[in-house]
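1. Got a predicted structure here, sequence first:
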Amino acid sequence: MGFNGSQYKKNDVLTDLVIYFAYTVDHLPEVKLDKLIYIANLHHYSNHGELLTKTRYFSLSYGPHAPLIRSVLKKQLEEKSVYLMESRTSSDPVYSNPCLIIKADGHNGRKLPCLWLDTLKEVVETWGDKPYEHILDYTTRTIPYLSTDYRGVIDWTLIRPYQELKYALSLPKRLQIHSFVEGPEKVMFQQRPRNEWCLLSINEVAEIYLALRGDLPDKPPTQGSLGFKFQAVLHAFDKLRDKKEGGSDKYQTEIEKAALLADLLLNSMSFRGYSSRVALITGLFYLKKSGFSFDEGVLENHWPNGDSYEILKEWFSRVGNK
C-alpha cells in the first residue's frame with residue numbers, strides 16, 4: 001500500500017524513479033530516461049502542485065536535462081539494481097543502429113506513494129512506447145522549458161501549478177500559428193464555444209513569440225529564444241479572466257478583450273524586444289478565433305499610433321471585420 005509524498009525519503013526518489021522506468025519501459029536509453037523523469041515531474045506538479053524530485057533540470061538546446069541522472073544511473077549499475085542491454089533502434093537490421101537500453105528485473109512500486117504511482121503510470125502509458133524524437137518534441141514545447149533562459153535551471157517556484165501546465169502544442173497547431181504570424185488574413189481557425197473565458201492558451205502566445213523569432217515549428221527552439229516572463233503572461237490571462245467574470249465589465253466585447261489582452265502583454269514586456277508584436281498578434285489571434293477577419297498586411301500597413309488601451313481598442317475595431 002502506498003503512502004503520501006511527505007513520508008517518503010526524498011534522497012531515494014531519483015533512484016526509485018530510474019528503477020521504475022527501467023522496469024516498465026521496454027526501450028529506455030539514457031536520453032529517454034532523462035526526459036521521462038522531467039515529464040513525470042511536470043505531470044505531478046500540474047496535477048498535484050508538488051514535485052516528485054527536486055533534481056535540477058536545465059534548459060539546454062536538446063531539451064530539459066538533469067546532469068545528476070547520469071551519476072545516479074552509474075551508481076545503480078555498480079550496485080546491479082539496473083543493468084544495460086544492447087538493443088536496436090529499428091526492427092529492420094539494415095536501418096537499425098545498436099544502442100544500450102536500461103533494464104531492471106523488478107520495480108519498487110509498492111514503496112512509492114499512491115499519487116506518485118498514478119502519475120508514473122500516466123507517463124508510462126502516454127510516453128513509454130513513444131520514440132525519443134516525439135518525446136523531445138513534446139518537452140521542448142512545455143512552458144517550464146520555454147520560459148527558462150538557455151542553460152538556466154528550471155525554477156519551479158516561479159511557475160504556478162495548473163492543469164494545463166503539462167499541455168504542449170501539437171505540430172499541426174504550431175504550423176497553423178506560424179502561418180498566422182506570416183499572414184493573419186489568410187489562416188482560418190475553428191471557433192471555440194462562446195462560453196470560454198479565453199480563446200487562447202499561454203502555449204499559443206509562446207508559439208507566436210517563437211514564430212516571430214524565426215524558430216521553426218518542427219525543431220526545438222534556438223538558444224536565444226529560450227526564456228520569457230511566464231508569470232507576467234499568466235498575470236495578463238488572470239486579469240482578462242477577472243474582467244470577464246465580475247463587475248460591470250462582465251460582458252466585454254471581443255474587441256475590448258483583445259485590446260485588454262494586448263495592452264497587458266505589451267506593458268509586461270515579457271518577450272524582450274518582441275513584446276509589441278507578440279501583444280498585437282496575440283490580440284489579432286484572439287479576434288481570429290472569435291470569427292473576425294483582416295485585410296492583407298494588417299500590421300505592416302496599419303500599425304497603431306500608440307500603446308494605450310484606448311488606442312489599441314480603436315485599432316482592433318478598425319482592422320477587424322466581423
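-> Looks like it came in fine.
2. show me where the stretch 151-300 of the chain has strands.
-> 293-294 (DSSP state E, counting those that start in this stretch).
3. my bad, the stretch 1-150 of the chain
-> Under DSSP E, counting those that start in this stretch, the stretch 1-150 of the chain gives strands at 58-60, 63-65, 83-88, 98-103.
4. Highest mean neighbour count across the ones you listed, which stretch is it?
-> Compared across the strands of the stretch 1-150 of the chain, strand 63-65 shows the largest average neighbour count, a mean of 22 (mean count of other C-beta atoms under 10 Å). For every residue, glycine as well, the C-beta is placed using N, CA and C.
5. Give me the contact list for that one.
-> 34-35, 38, 57-58, 136, 139-140, 142, 144-145, 154, 220 (C-beta atoms under 8 Å, 6 or more residues apart in numbering).
6. and it, which strands flank it?
-> Strand 63-65 pairs in its sheet with strand 58-60 (antiparallel), by DSSP bridges.
7. Contacts for the partner strand, please.
-> With C-beta under 8 Å, 6+ apart as the test, strand 58-60 has contacts from 64-67, 145-146, 148-154, 226-227.
8. filter these to the buried ones?
-> Among the contacts of strand 58-60, those classed as buried by neighbour count (16 or more other C-beta atoms under 10 Å) are Pro64, His65, Ala66, Tyr145, Leu146, Thr148, Ile154, Leu226, Gly227.
9. From Ser87, how far out is the third one?
-> Right, the one you point to is Ala66. Computed as C-beta to C-beta, to the nearest Å, the Ala66 to Ser87 distance reads 23 Å.
10. for the fifth one, same thing?
-> Computed with C-beta to C-beta, the distance linking Leu146 and Ser87 is 32 Å.
11. residues contacting the residue lying closest to Thr222 once chain neighbours are set aside?
-> Of all residues not flanking Thr222 in the chain, Asp215 sits nearest, at 5.7 Å (C-beta to C-beta, 6 or more residues apart in numbering). Asp215 makes contact with Pro221, Thr222, Ser225, according to C-beta under 8 Å, 6+ apart.
12. do Thr55 as well
-> Going by C-beta under 8 Å, 6+ apart, the list of residues near Thr55 reads Val13, Leu14, Ile37, Ala66, Leu68, Ile69.
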